[in-house]
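Engineer: curious how this folds, go ahead:
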Amino acid sequence: MASIWVEFVGILQNETGRKKLQIIFDAPITVSTMIKRLKTSFKLKEKFLLEYETGRLRQNILTLVNGKEINVLEGLETKLKNDDVVTIIHISHGG
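Structural biologist: Numbering: from 1, shown residues only. Just a heads-up that it's a prediction; the model follows:
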């Protein structure tokens, strides 16, 4: 059995009601699988993370695995291992 930690920053922290949570899993998982788990187990609305049309991460979501942005890794297919820390940041900006 293994576990990862997921940290939420910004509006996602308000949406989940948590700053950090632990996900326990039996088999290796990817960032994509983790997002599905967040959606079902923790009732996180998919619209906060994924674009409806493409299933890709929204442009205003920055996702880090152990401090590295997933696009420099393997994107949504980045494999997560025991004790990894995934940080999900909702970026908002405007004029």
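
Engineer: what residue ranges in this structure score low on pLDDT?
Structural biologist: Low-confidence segments of the chain (pLDDT under 70): 41-48, 50-55, 57-58, 93-95.

Engineer: what segments of it are strands?
Structural biologist: 2-9, 20-25, 29-30, 61-65, 68-69, 79-80, 85-90 (DSSP state E).

Engineer: who's in contact with the first one?
Structural biologist: Just to be clear, that refers to strand 2-9. For strand 2-9, contacts defined as C-beta atoms under 8 Å, 6 or more residues apart in numbering pick out 15-16, 18-26, 29, 34, 38, 80-90. No exception for glycine: its C-beta is placed from N, CA and C like everyone else's.

Engineer: give me the buried positions along stretch 80-95.
Structural biologist: Of the residues in stretch 80-95, L80, D84, V86, T87, I88, I89, H90 count as buried by neighbour count, 16 or more other C-beta atoms under 10 Å.
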